[in-house]
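Trainee: Predicted structure and sequence below. I'll ask about it afterward.
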Amino acid sequence: MSQNIPVRQGVKRLRHMASGVAGGWNQVGTQVAFYAKTIAETRTAFSRYKKEMLRLVAQMSLGTGALAVIGGTVVIVGFLTLSTGAVIAVQGYNQLSGIGVEAMTGFISAYVNVRIISPAVAGIGLAATIGAGTTAQLGAMRIAEEIDALEVMAVRSVAYLASTRVVAGVVVVIPLYCVAVLCAFLAARFGTTGIYGQSTGVYDHYFNTFLNATDLIWSFFTVLIVAVAVMLVHTFYGFTASGGPAGVGEAVGHAVRTSLIVLVFVVLAISLSVYGQSGNFNLSG
Amino acid sequence: MVSSDTVTKPLRAIGEFFAMALDTFVLMFKPPFAWREFLLQSWFVARVSIFPTLLLTIPFTVLVVFTLNILLVEFGAADFSGTGAATASVTQIGPVVTVLVVAGTGATAMCADLGARTIREELDVLRVMGVNPIHRLVVPRVLAATVVAASLVSLVTIVGMAGSFVFAVFVQHVTPGAFVAGLTLLTGLPDVVLGLVKGALFGMAAGLIACYKGISVGGGPQGVGNAVNETVVYSFMALFVINIVATAVFYTSLQ
């Protein structure tokens, strides 16, 4: 009898673990089904809910609440990329002058900013500001049973709430990306030439020589894919929030965590497949 | 016409934030210290952060090492790929990934938890019972975030270096010996200390912002959601600024 109890407990624990694994697996299935539905209903969103979409674009680009006061999403993303560009200046210049080639800081800016920093930081900015805001908004609607009310009124809730937000996020990320790239370039240039005192001619020469238009287009394309992925994740977590006010907060946290991971994997996958082994990079012409 | 309220509100919020931060630092040294809450919070932050940390670190370092190696191979200096990997993961990726994780997971969870308590008026109950919520709730949380962030930096650095080793050696065919030999060429103890200090500063800033936003929540479920959203945005901004200041101070002091 006394032997039986640990065994029974073990079985119970095993069953608990198994249901945890199955629950996680089901969660993946639910998410994929939601994403497919959201993408499929984009057409409905375009044909029926154009007005809502425009309203969302305006709201997302300017921001709401306390974030609007400090200038909205564009300013926040610009600020983030300004500081990363400045880090390139500080770290790149110092590290390169350690081996005597600080003239190449312009090249580092043209290379690293385009390939890694701008897409990643624009995506992070999108996830932190617009994405998290979307989850908070949709989560609050779910908790207040507004989404159920929409469904009762025969409004297609996924098309009206999720698809429109994904489209609006992709539209808003275009100016965001432009701001991000420009700010990163300007900050790196100002840090290197203005603060560390490199001559602007040297910086511009290496910068312009190595700035590759094809890379820029790929980086832009990466950002668009990242935007779709991030917005899908955030709408899903908002749409399925539960558990009162704390539940909304938790949903926002989960959504940010998941979308950051998805974002890095998307950027990695695209840069591995685009640049490949050869790297699409020619130093000696 | 902008009313004076919309202009003074952000300023007031900044003032309140610094007042709370000051209170926290003062109360940190006032006994009794809430050990139990501190341990629970440390475990909580570590538990929600470790898995995302690993998932973020590996692709991030692979991305950076891949990009750097393209460059180094072109220069004919592929043997120095270890140097690039060590510099990148110790001084930048380690702290920055920790920022993203601590702000994105630890701070948001903390803010959601405190926000829900504020909405349910639990903090007011504490005040009525003569317990200072900053002493009882905020101090252990801020310290827990600091300690966990500093330890996460070391985890991120080690995982990042292991990941870049595997990627450089098995995918990009760098000699393993040369990779390991290059690790300590540019990166030494000062850089490791810089990484740890950055991590601790990030953790503290994120913890303070999360707690401030959590205890000043108003307006129901949407309010909690917005507070979490603002926590993410403000902590990212604060952390990026700390990153550049810490890096600049470090390199200036080296010269």
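Mentor: Thanks, I have the structure now.
Trainee: quick one: low-confidence ranges for the stretch 51-200 of chain B?
Mentor: Scanning the stretch 51-200 of chain B for pLDDT under 70 picks out B:78.
Trainee: For the residue of it found nearest chain A, which residues are in contact?
Mentor: The nearest approach of the stretch 51-200 of chain B to chain A comes at B:A112, 2.5 Å away (Cβ to the nearest Cβ). C-beta: built from backbone N, CA, C; applies to glycine. Applying Cβ atoms under 8 Å, 6 or more residues apart in numbering or on different chains to B:A112 gives the contacts A:246, A:248-250, A:252-253, B:214, B:224, B:228.
Trainee: So for it, what's the nearest residue that isn't a sequence neighbour?
Mentor: A:G249 (2.5 Å; Cβ to Cβ, 6 or more residues apart in numbering or on different chains).
Trainee: Can you classify the one you found by secondary structure?
Mentor: Following DSSP: H, G, I helix; E, B strand; the rest coil, we place A:G249 in the helix state.
Trainee: tell me the contacts of it?
Mentor: B:108-109, B:111-113, B:115-116, B:224-225, B:227-228.
Trainee: Redo those as a markdown table? Include secondary structure.
Mentor: A markdown table is the format used below for the contacts of A:G249 (three-state DSSP):
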| residue | secondary structure |
| --- | --- |
| B:T108 | helix |
| B:A109 | helix |
| B:C111 | helix |
| B:A112 | helix |
| B:D113 | helix |
| B:G115 | helix |
| B:A116 | helix |
| B:V224 | helix |
| B:G225 | helix |
| B:A227 | helix |
| B:V228 | helix |
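Trainee: Show me which of these is closest to B:V65.
Mentor: B:T108 (29.2 Å; Cβ to Cβ).
Trainee: Around the residue lying closest to that closest one once chain neighbours are set aside, count how many other residues there are.
Mentor: Distances taken as Cβ to Cβ, 6+ apart place A:G253 nearest to B:T108, at 3.3 Å, with adjacent residues excluded. By other Cβ atoms under 10 Å in any protein chain shown, 27 other residues sit near A:G253.
Trainee: Columns distance to A:A140 on top of the contacts of A:G249, output as JSON lines?
Mentor: JSON lines is the format used below for the contacts of A:G249 (distance: Cβ to Cβ, whole Å):
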{"residue": "B:T108", "distance to A:A140": "16"}
{"residue": "B:A109", "distance to A:A140": "18"}
{"residue": "B:C111", "distance to A:A140": "15"}
{"residue": "B:A112", "distance to A:A140": "13"}
{"residue": "B:D113", "distance to A:A140": "17"}
{"residue": "B:G115", "distance to A:A140": "13"}
{"residue": "B:A116", "distance to A:A140": "13"}
{"residue": "B:V224", "distance to A:A140": "8"}
{"residue": "B:G225", "distance to A:A140": "6"}
{"residue": "B:A227", "distance to A:A140": "12"}
{"residue": "B:V228", "distance to A:A140": "11"}
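Trainee: Any idea which helix or strand in chain A has the lowest mean pLDDT?
Mentor: helix A:66-69 (a mean of 55; mean pLDDT, DSSP states H and E).
Trainee: Around chain A, which positions in the stretch 1-150 of chain B sit nearby?
Mentor: Residues of the stretch 1-150 of chain B lying near chain A by Cβ under 8 Å from any Cβ of the partner chain: B:6, B:9-10, B:13, B:48, B:52, B:55-56, B:59-60, B:62-64, B:66-67, B:70-71, B:73-75, B:87, B:91-92, B:100-101, B:104-105, B:108-109, B:111-113, B:115-116, B:119.
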